[in-house]
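Engineer: no sequence on this one, just coordinates:
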């Protein structure tokens, strides 16, 4: 059996020569279980350590008994085991593997388990929408958790603030239709065999769905107002609603990318749904004796419609598409485009916070909020009720870029009565008060509705 001959191995294996193979190698067969393998002392010992038929045989028991009587191992080349043999269920300690030579480290790997091959972790895809929500967490929370919404959920909202909001939301819906149409006009559709998988075609499909959804929403408002007797006035858009529609125009201008427009679409939809989800958390406090038609309409029709699974599904699809467009953008300066997207979302949060009517603690219409903080530093405001001709959009002077005249010191401008663009103006309507402080008009191409820039937006969100 070779230099490591062992009586247990000689008795446990039968040696024979395999005549079926060209090499005619020597093989051994276990006399206890019939296992056949090539002749190899080390592997034969390893087999006997696991062979239950051998361990339960009389040979193994006699071998153990002889060791216990003599107190020494049967094979001097092997070490005694640290634990006794119990009823043949553990391997014979005399059958431990003895590595070749003194340098046992060469084959130490045989006794170590093979480390499993770990699959590489999937790369995390960047998410623009998650970045925007993390960056603007405080303004977003202020925009979607207003007293108007909590009173609407609790059933304590008066009818007049709800009607006021529905009128402004109608103006927003009609501006939304134009906004989505302009976004569709910005899409360039390539020729591709699988158009349903191309991001541009999927963007087109989503925008078409947005148009259909908004049209159904407008009809839904009309039917609900008629059914529940909700009084809808004919008031024009207020300054915040106009600023929101101006944001839509700016996000679809020739200087804005499709991604900026899609961020504006997702941002307004996300603020809208999150706000009414916040209101829905108060619906359990609705008194059972509520008889006001506008409260019944809110809790039975309006809030369930705005928080429906279909609305959530559309918003989730919009968010996924915005993230995909952000990751495949090929603009020369992607960092600048991301900064513009962040600015758009901050402005949406600022406007959404002020889009909800101001109410008092009883749910009745409260005082109209004044634009304070950074907005007051942009320029002097004017009473829109006394200047319907000069300010057709109802915005304060500092927020109206199209109707803003220069009020700067200098002999040339005072004598010739020209505006900031170098064109002559009517001196009867131009403010020529040279003692007034110099005002700096807001000329940022992506911030023409007078919103604070990104660095001052956090403080603007607190001044409501």
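Structural biologist: Cool, the structure landed. Since this is a predicted model, take the numbers as computed values, not measurements. Numbers count the residues shown, from 1 in each chain.
Engineer: from residue 315, how far off is residue 209?
Structural biologist: Noted for residue 209: a distance of 12 Å to residue 315, by CB to CB, to the nearest Å. Placement of C-beta: from N, CA and C, glycine included.
Engineer: typo on my end, it should be residue 322
Structural biologist: For residue 322, the distance to residue 315 under the criterion CB to CB works out to 11 Å.
Engineer: overlap in contacts of these two?
Structural biologist: When contacts are counted by CB atoms under 8 Å, 6 or more residues apart in numbering, residue 322 and residue 315 have residue 266 as shared neighbours.
Engineer: and those two? Which one has more around it.
Structural biologist: Neighbour totals were compared for residue 322 and residue 315, and residue 322 leads with 23 against 16 (other CB atoms under 10 Å).
Engineer: buried residues in the helix or strand containing that one?
Structural biologist: Assignment of secondary structure by DSSP states H and E places residue 322 within helix 309-327. Applying a neighbour-count criterion of 16 or more other CB atoms under 10 Å, the buried positions in helix 309-327 are 311, 314-315, 318-319, 321-326.
Engineer: okay, now residue 213: neighbour count?
Structural biologist: Residues near residue 213, counting by other CB under 10 Å, number 16.
Engineer: that one and residue 242, how far apart?
Structural biologist: Separation of residue 213 from residue 242 (CB to CB): 23 Å.
Engineer: cool, residue 197 as well?
Structural biologist: Here the distance between residue 197 and residue 242 works out to 39 Å (CB to CB).
Engineer: with residue 343 instead?
Structural biologist: Between residue 343 and residue 242 the computed distance is 19 Å (CB to CB).
Engineer: can you check the pLDDT for residue 453?
Structural biologist: Per-residue confidence for residue 453 comes out at a pLDDT of 39.
Engineer: cool, and residue 25?
Structural biologist: 78.
Engineer: was I right about it contacting residue 39?
Structural biologist: Yes: using CB atoms under 8 Å, residue 25 and residue 39 qualify as a contacting pair, with a distance of 7.5 Å.
Engineer: hmm, back to that, check which helices and strands the helix holding residue 322 is in contact with.
Structural biologist: Packed against helix 309-327 by the contact rule (3 or more CB pairs under 8 Å, 6 or more residues apart in numbering; DSSP states H and E) you find helix 128-135, helix 199-228, helix 258-280.
Engineer: now those as a markdown table including distance to residue 250?
Structural biologist: Output for the helices and strands packed on helix 309-327, formatted as a markdown table (distance: least, CB to CB, whole Å):
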| stretch | distance to residue 250 |
| --- | --- |
| helix 128-135 | 17 |
| helix 199-228 | 18 |
| helix 258-280 | 9 |
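Engineer: out of these, deepest packed?
Structural biologist: Stretch with highest mean neighbour count among the helices and strands packed on helix 309-327: helix 258-280 (a mean of 22; mean count of other CB atoms under 10 Å).
Engineer: helix 199-228 and that one, what's the angle between them?
Structural biologist: Angle, helix 258-280 to helix 199-228, by axes from the mean of the first three to the mean of the last three CA atoms, to 10 degrees: 30 degrees.
Engineer: check which element follows helix 258-280 along the chain.
Structural biologist: helix 293-297.
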